[in-house]
Every structure is written in structure tokens, then in C-alpha cells.
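Asker: Sequence below, structure please.
(one chain, ligands or ions: 2)
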Amino acid sequence: MERMIGVIGGSGVYDIDGLEEARWQAVESPWGTPSDEILTGTLDGVKMAFLPRHGRGHVHSPTTVPYRANIDALKRIGVTEIVSVSACGSFREELAPGDFVVVDQFIDRTFAREKSFFGKGCVAHVSMAHPTCPRVSAACLQAARDEGITIHQGGTYLAMEGPQFSTLAESKLYRENWGCDVIGMTNMPEAKLAREAEICYASIAMVTDYDCWHPDHDAVEVSDIVKTLVGNAEKARGMVSRLPKLLGDYKPCEHGCDRALEYALITAPEKRDPALMAKLDAVAGRVLNA
Ligand SMILES: CSC[C@H]1O[C@H](OP(=O)(O)O)[C@H](O)[C@@H]1O
Ligand SMILES: Nc1ncnc2[nH]cnc12
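Answerer: Ligands and ions are numbered 1, 2, ... in the order given. Just a heads-up that it's a prediction; the model follows:
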């Protein structure tokens, strides 16, 4: 199998640099139209695919991002590992605006999104105990350090529905009672869908603000966020450019991300819905056609 690194760019990250033979290509998916065309090319001889999560020009809100179409489209063109880069608010004094965090846990508080490729006619339950891939996360950590970025290893990301930012009571709850480190609006259900699609997933959260809990930062304003976003986006592009060399040759994931569906399907073969099975051709073809 050949490696293809997929990068999902969050707020402020609408392209990546340095790709050879770069071209934006439309990818069709039975799960809808992805957020945008996908920028493909090679970097240091490794295939790359970049998808701006909100679309170029930031068209999609966190709720309307077509998460299933995005993950399916990346799987369909051969992506083996996804690196998600996202803007986030910080719940910790030491996670300062401009810093990066290698997220390793999530709390999903989103409620208005489709969260699974599976359902009536083909039910599957994958494990989300360890939602990110340690190998891809470690490569991102190293790449960021080599780039001179302040990056923190490990953190819990609270995924909220948005688009409004949190109330002070919510911010305090997530920080003081639930032990969350950062907050954003998009990594769920993205991480769940990547797991269902058997794609390794790493999430790099790029701090833009202290949400509203901090005594010196009363409320989050997009104008303040944007000021930090621009610098963060530049750092993210530097980090991504180092990944192909750091990840080395492709091998099956030692953490099993690429086999997440191995024991997950529970619907009896004779009860499976042919229409849903057809839509699952890319995501679950490995197990459905076995
Ligand atoms: C522009 S601030 C709020 C916005 O930024 C984050 O987007 P992403 O995760 O795609 O970087 C956050 O989740 C909100 O969607
Ligand atoms: N404070 C915050 N809350 C939710 N999403 C964010 N994205 C950037 N900052 C955020």
C-alpha cells in the first residue's frame, strides 16, 4: 500500500505550500459534496491531499461542514493518515495563544451532525478509547519542534456545537470539572468518522485565545482570533512540510487504526441493506468485500 498524507485545514488554513504537481481536484462522494476540491500533489516524493475544512473563503460553519463526505472523499483518493489542524481556545494558562497542542482525547458535546457512516441496515461499533494515532501524533510533535513551534504533548479537546462561543458557566465547567485543555467546534465527529474509515487521525490544536474563563480575557472575539490565526497557519504549513520525511516508509499502523472495522460490524450479512453497502464501498470495502 502506498502512503498518502491527508491534511484537513481548519480556520485560517486554506492551502499548503510546496506541493509538486499540485492541482485542485473535485472528488465525488455518495455522502454528499465535500467542503471543497482537494489539493493533491507530492512532497518529498510522498503523495499529499489537502482539504480546507470550511472550504476556501470559509463557507461552512462547524455545523454544516460535510464531515462524512470529507472523510469518504479522502479515503476514496487513497489517504492513509489524516493530520487535522484546528484553531482552538485554551483552558490552561500555560497553553498560550500561538502554542500548539497534540490532542489525544476528546469530549464530544456536538449534537446537530451526522456522526457515523453506519446505521440501519449495516450497524458497526468501533472503539474510540484512543481516538488519535500515537504514531502520526508523534511525527507531528517532532515536526513542530523541528520548526521551532511551542507544542504541548497531550490534551483533551472539548468539541462544542457552536457557532456561538461558550458561556462563562460552560467554560468553567469544561475547565474545572471536566478537565478539558482546549475547546473547538470541529474535531468531532471528524475523528469518529476517520476511525470508522480506518484512517489514522492526529489532531493538532492551535491556540488562538483563552476562551472566556480567564480573568484577563473576558470574551472571545473573532477579530482577536484572526490576528493569532494568521501566524498559526504559517507555523502549521511549516510543520506539515516536514511530515513526509518524518513518517518514513508506509507500514500497517501498529496501533490498529487501519483495521478498526475488523470486529466492528454486527449486522448479519443477509440482513444488510444493499443501498447502504454500496455507499460504504470506500469506507468499509476492506471488510465488506472480504
Ligand atoms: C474562527 S474561530 C471558531 C472556528 O475556528 C475553529 O475552526 P477549526 O476547528 O476548523 O479550525 C473552531 O472549531 C470554529 O469552527
Ligand atoms: N474559544 C473557542 N471556542 C470554540 N472554538 C474556538 N476556536 C477558536 N477559539 C475557540
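Asker: Can you name the residues of the stretch 151-290 of the chain sitting close to ligand 2?
Answerer: Selection of the stretch 151-290 of the chain residues close to ligand 2 by Cβ under 6 Å from any ligand atom yields Met160, Phe165, Ile183, Gly184, Met185, Thr208, Asp209, Asp211, Val220, Ile225. Just so you know, the C-beta spots here come from the backbone N, C-alpha and C atoms, and that holds for glycine as well.
Asker: which residues touch Ala49?
Answerer: Under the criterion of Cβ atoms under 8 Å, 6 or more residues apart in numbering, the contact partners of Ala49 comprise Met4, Ile5, Gly6, Val7, Ile38, Leu39, Thr40, Leu74, Ile77, Gly78, Val79.
Asker: Sort out for me which of those are in helices.
Answerer: In helices, judged by DSSP state H, the following of those are found: Leu74.
Asker: In strands, which of the contacts of Ala49 fall?
Answerer: Using DSSP state E, the subset of the contacts of Ala49 located in strands is Met4, Ile5, Gly6, Val7, Ile38, Leu39, Thr40.
Asker: so what pLDDT did the second one get?
Answerer: Per-residue confidence for Ile5 comes out at a pLDDT of 98.
Asker: before we move on, what about the last one?
Answerer: Thr40 is assigned a pLDDT of 98 by the prediction.
Asker: That one touches Ala22, doesn't it?
Answerer: Yes - using Cβ atoms under 8 Å as the test, Thr40 is close enough to Ala22 to be in contact (7.2 Å).
Asker: In terms of neighbours, single out the busier of these two.
Answerer: Set Thr40 next to Ala22 and count neighbours by other Cβ atoms under 10 Å: Thr40 wins out with 22 against 16.
Asker: count of neighbours near the nearest residue to Lys279 once chain neighbours are set aside?
Answerer: Ranked by Cβ to Cβ, 6 or more residues apart in numbering and with sequence neighbours excluded, the top spatial neighbour of Lys279 is Pro30, at 4.3 Å. Residue crowding around Pro30 was assessed by other Cβ under 10 Å; the count is 17.
Asker: now Pro131
Answerer: Here the neighbour count serves as a burial measure; for Pro131 (other Cβ under 10 Å) it reads 21.
Asker: how about the strands in this structure?
Answerer: In the chain, the segments counted as strands under DSSP E are 4-9, 20-25, 38-43, 46-52, 81-90, 100-103, 105-108, 151-153, 156-159, 182-184, 200-209.
Asker: any idea which of the residues of the stretch 151-290 of the chain next to ligand 2 has the most stuff around it?
Answerer: Most crowded among these, counting by other Cβ under 10 Å, is Ile183 at 28 neighbours.
Asker: Is that one bridged to anything, and to what?
Answerer: Per DSSP bridges, the residues bridged to Ile183 are Gly89, Leu158.
Asker: how about the residue nearest to Lys279, what does it touch?
Answerer: Pro30 sits next to Asp72, Ala278, Lys279, Asp281 when contact means Cβ under 8 Å, 6+ apart.
Asker: Is the first one in contact with Leu280, as I believe?
Answerer: What that stands for is Asp72. No - here Asp72 lies out of contact with Leu280, judged by Cβ under 8 Å, at a distance of 9.1 Å.
Asker: what's the spacing between the closest residue to ligand 2 within the chain and Gly45?
Answerer: The minimum distance from the chain to ligand 2, using Cβ to the nearest ligand atom, falls at Gly89 (2.3 Å). As defined by Cβ to Cβ, to the nearest Å, Gly89 lies at a distance of 37 Å from Gly45.
Asker: which of these two has more neighbours?
Answerer: Per other Cβ under 10 Å, whichever of Gly89 and Gly45 has more neighbours is Gly89, with 29 against 8.
Asker: Quick one, grab the pLDDT at that one.
Answerer: 97.
Asker: That's all I had, so thanks and see you.
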